[in-house]
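Participant: turn this into a model:
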Amino acid sequence: MNHMKKLVAVTATLSAAALVLTGCSATSAEGAGEDRVSLNVGYIDTSVNGVGVIAVANELGLWEEAGIDVTLTPFTNGPTQIQAMASGSLDIGYIGGGATWMPASGQATIITPNESTFGDYLIASPESGATSMSDLKGLSVGVPDGGSGEMILSLALEEAGLTFDDIERVPLDPPSVVSAFVSGQIDVAAIFSPLSDQIFESVPDAVVLANNRDFPENEFVGAWVASNDAVADKSEAVERFLEVWIQVNDYRIANVEESVALAAAEAGAPVDQLRGQADNLEWYPSEQILADNESGLTYARFDALVDLFVELGRLEEKADATTFVNIDLYNQAMAALR
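Facilitator: Model prediction:
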């Protein structure tokens, strides 16, 4: 892992970047004069994809530039943000790929893909004797319900010609998967970063049975989502959020180390932890997302995830991505910044 060596230049670099962004972008707010909008935005406070976006936007003053009066609320995961949207207390939030079944079931609208992640693992204890996916039969597997851990386990079982009936499935919340594995209560952990990092630190000789990279045809795509009400009633505000997000996205791709440092400071977490997450993902460049929207690849990525959720029983039937992914607001935001 390539850890950051210098942080002393972060403030100066960001200040310069803020000047560049301010001078080169034209947001909807600038065209609308004094017209301001309000948004309640959630994010996962331990995720470089969630807190990282918030940290960079704060540092570069992009909320003010876009004319957004923003209320920021940290969450521990994606599903709780979807629940907050249902109650009307949240307009926008970030979810990992494991929660995509929720917008696919009509509970929210995806407004932009964020990243393809490679941080999901199936990890076996040395005592289990397992060294490959085919060794899963008869083992106890700790797995959080309805998330990417369940997804990576399903793919591994299919690859090995096994089913969930061939293992002892132990449903646990994510932190409990770690503690149960470290204490020897389960043979295998189906878990995601950064919790997987905790396992590797505590059990250095743990064996990786499967990772996202073993299944290149199945991208685990994280995304920013908006409540259905926000898309319907506050579309201008959602578009302005996307203008902010696009500028943050371009900045973080060009300035990974500085962005990770800001994310760590905002989260109160070790820089190495956030840097480890960044090492296990691919952020989509903003122009690539626009091209993917036009080619249909954005829809195809989420259609593939939906197929997996149908197999897992999270969705009763397939939902076409065109019904829960809104590409128009993103395309309009890109046009506004040009």
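
Participant: what's the spacing between Leu281 and Val221?
Facilitator: 10 Å (Cβ to Cβ, to the nearest Å). The C-beta positions use only the backbone N, C-alpha and C, and glycine is treated the same way.

Participant: number of nearby residues for the nearest residue to Ala304 once chain neighbours are set aside?
Facilitator: Excluding its sequence neighbours, the residue lying closest to Ala304 (Cβ to Cβ, 6 or more residues apart in numbering) is Asn218, at 6.3 Å. Neighbourhood size, Asn218 [other Cβ atoms under 10 Å]: 18.

Participant: one more: Ser295?
Facilitator: Around Ser295 there are 10 residues (other Cβ under 10 Å).

Participant: how about it, what does it touch?
Facilitator: Contact analysis of Ser295 by Cβ atoms under 8 Å, 6 or more residues apart in numbering lists nothing.

Participant: and for Leu281 and Val221, which residues touch both?
Facilitator: Common neighbours of Leu281 and Val221 (Cβ under 8 Å, 6+ apart) are Glu115, Ser116, Thr117.

Participant: I'd like to know which elements the host helix or strand of the first one is packed against.
Facilitator: Spelled out, it's Glu115. Taking DSSP states H and E as the criterion, Glu115 maps to strand 109-117. In terms of contacts (3 or more Cβ pairs under 8 Å, 6 or more residues apart in numbering; DSSP states H and E), strand 109-117 is packed against strand 220-226, helix 228-233, helix 235-254, strand 281-283, helix 286-295, helix 297-312, helix 328-336.

Participant: pull out the buried positions in the longest one.
Facilitator: Spelled out, that is helix 235-254. 236-252 (16 or more other Cβ atoms under 10 Å).

Participant: and for the last one?
Facilitator: By neighbour count, with 16+ other Cβ under 10 Å as the criterion, the buried positions of helix 328-336 are Leu329, Tyr330, Asn331, Gln332, Ala333, Met334, Ala336.

Participant: tell me, how many neighbours does Gly129 end up with?
Facilitator: 11.

Participant: Glu65 now?
Facilitator: 21.

Participant: can you tell me how far it is from Phe302?
Facilitator: To Phe302, Glu65 is 30 Å away according to Cβ to Cβ.

Participant: please state the offset of stretch 39-51 from the chain centre?
Facilitator: 9 Å (Cα atoms, centre = their mean, to the nearest Å).

Participant: from start to finish, how long is that stretch in a straight line?
Facilitator: End-to-end distance for stretch 39-51, by Cα to Cα, to the nearest Å: 16 Å.

Participant: before we move on, the earlier item: make JSON lines from the shared contacts of Leu281 and Val221 and add neighbour count, distance to Leu262 and pLDDT to it.
Facilitator: Converted to JSON lines, the shared contacts of Leu281 and Val221 look like this (neighbours: other Cβ atoms under 10 Å; distance: Cβ to Cβ, whole Å; pLDDT from 0 to 100):
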{"residue": "Glu115", "neighbour count": "25", "distance to Leu262": "17", "pLDDT": "96"}
{"residue": "Ser116", "neighbour count": "16", "distance to Leu262": "22", "pLDDT": "95"}
{"residue": "Thr117", "neighbour count": "23", "distance to Leu262": "20", "pLDDT": "91"}
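
Participant: low-confidence ranges, the stretch 101-250 of the chain, go.
Facilitator: By pLDDT under 70, the stretch 101-250 of the chain has no low-scoring segment.

Participant: so for Ser286, what's the nearest residue that isn't a sequence neighbour?
Facilitator: Ile246 (4.7 Å).

Participant: what's near enough to touch Ser128?
Facilitator: Going by Cβ under 8 Å, 6+ apart, Ser128 touches Asp135, Leu139, Asp187, Val188, Val207.
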